[in-house]
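Participant: Have a look at this fold, sequence not included:
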């Protein structure tokens with residue numbers, strides 16, 4: 001088994017190593033995009049290209065040492081990331097996520113304190129912002145090269161956070177700032193527990209991984225169907241079921257995402273700092289909105305009053 005170099009690197013060595021790894025990450029992203037487009041074209045025309053046998057070896061990042069299943073594999077270029085650099089990557093991910101969460105949480109608190117009713121002021125329905133956010137996030141996943149282009153990467157990151165914040169802000173005037181603060185604290189506690197589970201629990205592999213993925217996929221698919229139903233017919237009970245499914249899928253997927261961030265699975269998302277940080281920000285948004293929906297449903301059961309989510313301006 002190859003040994004791992006645990007000696008501390010000098011700033012110059014870190015800078016040079018980071019530059020090399022970023023270049024390799026860009027090459028991998030370009031190859032992933034090219035492969036995806038090639039596969040789509042092959043499926044559309046139902047033809048097999050001669051380039052399939054001449055594809056370049058896939059670049060694979062691993063943390064610390066080369067796993068046994070990758071040794072001797074001639075179809076992959078294995079890049080070992082030193083633990084010191086990977087710890088810096090993890091630190092950057094959580095610092096960025098805290099910054100994004102601070103933007104969302106503070107904005108929602110201000111709206112709650114000032115009782116700003118965006119439903120009466122903005123003619124665009126709240127769900128439009130979430131649809132745009134999902135579309136943008138999917139676009140960033142399909143074309144990861146955009147995450148390396150400055151300042152486009154920063155613009156996309158803040159645009160995504162802005163969309164999440166604006167979409168969630170429509171209902172914050174219905175909550176007192178103290179209650180919203182409790183929900184935000186509860187969301188942070190839940191996310192912290194799920195991340196600790198992902199860090200310290202054994203990696204999900206084999207049958208357990210398939211079962212969890214299948215269960216999360218069912219919850220996500222059901223919540224997507226309900227989302228489109230709620231666009232036209234939105235009784236309170238369906239809203240409750242939607243957020244129960246959404247939060248359940250989030251709880252299932254979060255430990256897996258954490259293992260992905262910490263390099264505990266086979267594939268490492270190294271230098272996907274913005275992608276990983278935005279995932280954590282999305283977890284926070286889902287938790288806070290779910291807690292808020294549960295509270296509003298409780299108020300509905302007690303008083304029979306359900307908010308009007310249509311534009312009233």
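Facilitator: Structure received. Bear in mind the structure is a predicted one, so any value in this text is a computation, not a measurement.
Participant: contacts, neighbours, all on C-alpha from now
Facilitator: OK.
Participant: Run through the strands of the chain in chain order.
Facilitator: Assigned by DSSP state E, the chain shows strands spanning 58-63, 76-81.
Participant: Buried deepest among those, which one?
Facilitator: Mean neighbours per residue, mean count of other C-alpha atoms under 10 Å, is largest over the strands of the chain for strand 58-63, with a mean of 20.
Participant: Tell me the helices and strands packed up against it.
Facilitator: helix 11-45, strand 76-81 (3 or more C-alpha pairs under 8 Å, 6 or more residues apart in numbering; DSSP states H and E).
Participant: Of those, which shows the lowest average pLDDT?
Facilitator: Among those, helix 11-45 has the lowest mean pLDDT, at a mean of 62.
Participant: looking at this structure, which helix or strand is least sure?
Facilitator: helix 11-45 (a mean of 62; mean pLDDT, DSSP states H and E).
Participant: Just tell me which of the strands of the chain ends up closest to residue 284.
Facilitator: With distances scored as C-alpha to C-alpha, the stretch of these nearest to residue 284 is strand 58-63 (27.4 Å).
Participant: Show me the residue at the heart of this protein, geometrically.
Facilitator: residue 279 (2.1 Å; C-alpha atoms, centre = their mean).
Participant: which ones are touching that one?
Facilitator: Residues near residue 279 by C-alpha atoms under 8 Å, 6 or more residues apart in numbering: none.
Participant: before we move on, what about residue 197?
Facilitator: Listed by C-alpha under 8 Å, 6+ apart, the contact partners of residue 197 are residue 255.
Participant: Any figure for the gap between it and residue 290?
Facilitator: Distance of residue 197 to residue 290, given as C-alpha to C-alpha, to the nearest Å: 21 Å.
Participant: cool, residue 129 as well?
Facilitator: Applying C-alpha to C-alpha, the value for residue 129 to residue 290 is 17 Å.
Participant: what's the answer for residue 298, then?
Facilitator: 12 Å.
Participant: which of these two has more neighbours?
Facilitator: Applying other C-alpha atoms under 10 Å to residue 298 and residue 290 shows that residue 290 carries more neighbours, namely 22 against 15.
Participant: Need the nearest residue in space to that one, chain neighbours excluded.
Facilitator: Of all residues beyond its chain neighbours, the one nearest residue 290 is residue 243 (5.4 Å), with distances taken as C-alpha to C-alpha, 6 or more residues apart in numbering.
Participant: Give the burial count for that neighbour, as a bare number.
Facilitator: A count of nearby residues for residue 243, using other C-alpha under 10 Å, gives 22.
Participant: OK, contacts around it?
Facilitator: Taking C-alpha under 8 Å, 6+ apart as the criterion, residue 243 is in contact with 223, 290, 293.
Participant: In contact with the first one, which residues?
Facilitator: This points to residue 223. Residue 223 touches 242-243, 245-246, counting by C-alpha under 8 Å, 6+ apart.
Participant: could you dump the residues you listed to TSV with pLDDT and distance to residue 181?
Facilitator: Converted to TSV, the contacts of residue 223 look like this (pLDDT from 0 to 100; distance: C-alpha to C-alpha, whole Å):
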residue	pLDDT	distance to residue 181
242	92	23
243	93	19
245	91	23
246	91	21
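Participant: filter those to the buried ones?
Facilitator: 242-243, 245-246 (16 or more other C-alpha atoms under 10 Å).
Participant: shouldn't residue 96 be in contact with residue 275?
Facilitator: No: in this structure, residue 96 is not within contact of residue 275 by C-alpha atoms under 8 Å, at 10.2 Å.
Participant: how about low-confidence regions in the stretch 151-300 of the chain?
Facilitator: 203-209, 265-271 (pLDDT under 70).
Participant: can you do 80?
Facilitator: 201-213, 216, 263-272 (pLDDT under 80).
Participant: so what's residue 63 up against?
Facilitator: Contact analysis of residue 63 by C-alpha under 8 Å, 6+ apart lists 80-83, 86, 263, 268.
Participant: what's the spacing between it and residue 83?
Facilitator: Between residue 63 and residue 83 the computed distance is 7 Å (C-alpha to C-alpha).
Participant: do the same with residue 186
Facilitator: With distances taken as C-alpha to C-alpha, residue 186 is found 32 Å from residue 83.
Participant: swap in residue 124?
Facilitator: Taken as C-alpha to C-alpha, the span from residue 124 to residue 83 is 47 Å.
Participant: and what of residue 89?
Facilitator: Look at residue 89 and residue 83: by C-alpha to C-alpha, they are 10 Å apart.
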